[in-house]
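S.K.: Quick one, fold the following:
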Amino acid sequence: MKFDRLIAAAAIAVGFAGTVSAQELKFASFTPPFHTINASVIEKLNADVSAATDGALTVQGYHGGELGAGPLEQYVRVVQGAADMSWGLPGYTSSQFEKTMIAELPGAIPDDKPGYEALWAAFDSELAGEFPATKALALWTSEPNIFIMRETAIRTPEDLAGLKVRVAGATAAEVATALGATPVQMPMTEVYNAMQTGLIDGVITGVSVLTDFKLNEVTGAVTIGAPLGRLTFYTVMNQGVYDGLGDAEKAALDEASGMGLSKSAEDAWNAVADEALAAARENDAIEVVDLSEDEQAAFAEAVADVVDSYVARVGGESALAALRGE
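M.R.: Predicted structure coming up:
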């Protein structure tokens, strides 16, 4: 069933369930409890909502795919009611989030602007339509993407020729292609084995995955400084479940979510990234390449046309302007 038909069918179903007020909201996560999402979003949301409602409403995390396996199905899992809340990457279902994905392009968001601020600035006017049947609780971006390679140290775009590089979504795939690599889309949960067996040669993603997904165990080199964009993330709640809550519970969720929860997530991602990079620099098994300004410029030239071509293709000119605060 196509996604839009699935959304419509599920929304009707949840409409009947929306009158039931749940005391525990089930938060589905495809990652283990030690992942950054747990403390920065799930536990924070639970602590804030529980405190505001004197424990009448709580948020419980279900980790490691306990409410359903498959990172790509996180959004639909919430719409169908298998979970009340979940988090995920727009890149895993890029065709649903065409304009949201603009935020992942190199230079789409100024380097000195927090990603969560840019996403929320564009949300109501440009992005909300890509989140049907749900209430967006948090939107944020990762630290800047880097090259995380099994063996090959990347210093020039030419170094990527013929290499298979995992990407999270359509925009990163265009970046990889512009650099001469072959993009391979797969969820991060499959990357460790793919790197270990040589199915892929590397990954374009944030450095935090070295610890969050233990890729430090299968990585031989990382390259810092190439303009590769960043990843975007969301936390969403079933709209019918939200609508069925009492006024006090809604107010507690509203206060606990939005900009503040998004900042918590993005700050946590950046903190883990800093720690992961520091650990990589101390790891004798990992070569860390810091590109010079001239080397960075070569990558920037190679991906220069990617942003304009993607934005034009999805009709995202106003979305890009909103993300940039223009």
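S.K.: Only C-alpha atoms from now on, for both contacts and neighbour counts.
M.R.: Noted.
S.K.: which residue is nearest the middle of this structure?
M.R.: With the centre of the chain defined as its mean C-alpha position, the nearest residue by C-alpha atoms, centre = their mean is F233, 2.9 Å away.
S.K.: I'd assumed that one was in a strand, is it?
M.R.: Yes: according to DSSP: H, G, I helix; E, B strand; the rest coil, the state of F233 is that of a strand.
S.K.: got a list of what the nearest residue to it once chain neighbours are set aside touches?
M.R.: In space, and not counting its chain neighbours, F233 is closest to L89: 4.7 Å by C-alpha to C-alpha, 6 or more residues apart in numbering. Contacts here follow C-alpha atoms under 8 Å, 6 or more residues apart in numbering; on that basis L89 touches A168, L231, T232, F233, Y234.
S.K.: all strands of the stretch 1-150 of the chain, in order?
M.R.: Listed in chain order, the strands found in the stretch 1-150 of the chain under DSSP state E, counting those that start in this stretch are 24-28, 58-62, 85-88, 134-141, 145-149.
S.K.: Check the stretch 151-300 of the chain too.
M.R.: With DSSP E, counting those that start in this stretch as the definition, the stretch 151-300 of the chain shows strands at residue ranges 164-167, 182-185, 202-206, 221-224, 232-238, 287-290.
S.K.: Dump the second one to PDB, keeping only the CA atoms.
M.R.: So the one you mean is strand 182-185. Provided in PDB are the C-alpha atoms of strand 182-185 (Å, rounded to 0.1, in the frame of the first residue of the first chain):
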ATOM      1  CA  THR A 182      28.700   4.800  -5.600                       C
ATOM      2  CA  PRO A 183      26.000   5.500  -3.000                       C
ATOM      3  CA  VAL A 184      24.500   2.600  -1.100                       C
ATOM      4  CA  GLN A 185      21.400   3.300   1.000                       C
END
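S.K.: Quick one: list the elements packing against it.
M.R.: Using 3 or more C-alpha pairs under 8 Å, 6 or more residues apart in numbering; DSSP states H and E, the elements in contact with strand 182-185 are strand 164-167, helix 170-178.
S.K.: Redo the ones you listed as TSV? Include mean neighbour count and mean pLDDT.
M.R.: TSV is the format used below for those (neighbours: other C-alpha atoms under 10 Å; pLDDT from 0 to 100):
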stretch	mean neighbour count	mean pLDDT
strand 164-167	25	98
helix 170-178	23	96
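S.K.: Same list, the ones you listed, but as TSV with distance to G81 please.
M.R.: Conversion of the helices and strands packed on strand 182-185 to TSV gives the following (distance: least, C-alpha to C-alpha, whole Å):
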stretch	distance to G81
strand 164-167	29
helix 170-178	27
